[in-house]
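Q: Pasting a predicted model and its sequence here:
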Amino acid sequence: MECPHCGYHDSKVIDSRDVNDGIRRRRQCLSCHKRFTTYERLQPASLFVIKKDQRREELDRHKLLNGLRKACEKRPLPTGTVDKLADDIEAQLYRLGRTEIPGKIIGDMVMEGLKNLDHIAYIRFASVYRDFTDITVLKREVDTLASSQTEATSPPSAQLPLLPDENMKEVTSSHQRNRR
Ligand SMILES: [Zn+2]
């Protein structure tokens with residue numbers, strides 16, 4: 001492990017502790033004496049996806065990320081949102097503790113994640129993934145989203161009453177009087 005400050009190849013461990021899913025080590029460079037932190041993690045066992053035709057394919061993070069990126073293309077989402085969603089889905093999948101997972105479960109997780117993130121991205125993904133051949137099914141999906149959105153919006157605030165004309169005159173004249 002090279003020192004991130006000077007690139008020296010050796011360091012000593014000054015502290016190590018267990019964190020959630022690994023070990024965190026505090027190290028000190030033997031050359032410049034600056035400190036840095038390393039994490040040691042167990043590489044999770046490979047996870048295989050069961051395809052529709054029963055073939056098994058190793059879970060591919062890049063593939064997952066590409067699918068999400070395509071769905072979220074040109075959507076007004078903060079940088080890193082898509083990567084975070086991919087991380088979350090991956091973590092959820094590993095947490096299931098299985099070695100093989102039907103592709104449908106992953107697809108459903110992606111749908112759920114996108115639904116909470118961006119409705120346009122969700123519809124984009126769904127139209128490919130669910131293979132909407134029937135426009136009525138797609139319309140039903142859009143209607144469901146639209147109605148959940150209107151419920152969330154707050155009612156328009158009451159308009160402020162306008163000042164009666166007489167009050168306005170009074171304000172103006174007293175203002176002019178003060179100026180003299
Ligand atoms: Zn150093």
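A: Cool, the structure landed. Bear in mind the structure is a predicted one, so any value in this text is a computation, not a measurement.

Q: next one: the longest helix belonging to the chain to chain centre, how far?
A: Secondary structure of the chain per DSSP state H: the longest helix is helix 135-152. Chain-centre distance of helix 135-152: 22 Å, with CA atoms, centre = their mean, to the nearest Å.

Q: If we go by neighbour counts, what in it is buried?
A: For helix 135-152, burial by neighbour count (16 or more other CB atoms under 10 Å) applies to Glu141. All C-beta atoms are positioned from the backbone trio N, CA, C, and that covers glycine.

Q: how about the residues of the chain near the ion?
A: 3, 5-6, 8, 29, 31-32 (CB under 5 Å from the ion).

Q: Please produce TSV containing these, extended by pLDDT, distance to Arg41 and neighbour count.
A: TSV is the format used below for the residues of the chain next to the ion (pLDDT from 0 to 100; distance: CB to CB, whole Å; neighbours: other CB atoms under 10 Å):
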residue	pLDDT	distance to Arg41	neighbour count
Cys3	93	21	20
His5	93	23	13
Cys6	96	25	11
Tyr8	95	24	14
Cys29	96	22	21
Ser31	96	26	14
Cys32	97	26	13
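
Q: Sort out for me which of the residues you listed are in strands.
A: Residues of the residues of the chain next to the ion located in strands (DSSP state E): Cys29.

Q: Please convert the residues of the chain next to the ion to CSV, extending it with distance to Asn116.
A: Shown next, in CSV, are these (distance: CB to CB, whole Å):
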residue, distance to Asn116
Cys3, 41
His5, 41
Cys6, 44
Tyr8, 46
Cys29, 43
Ser31, 48
Cys32, 46
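
Q: Please, where are all the helices along the protein?
A: Taking DSSP H as the criterion, the chain carries its helices at 61-72, 81-95, 103-117, 119-129, 135-152, 165-179.
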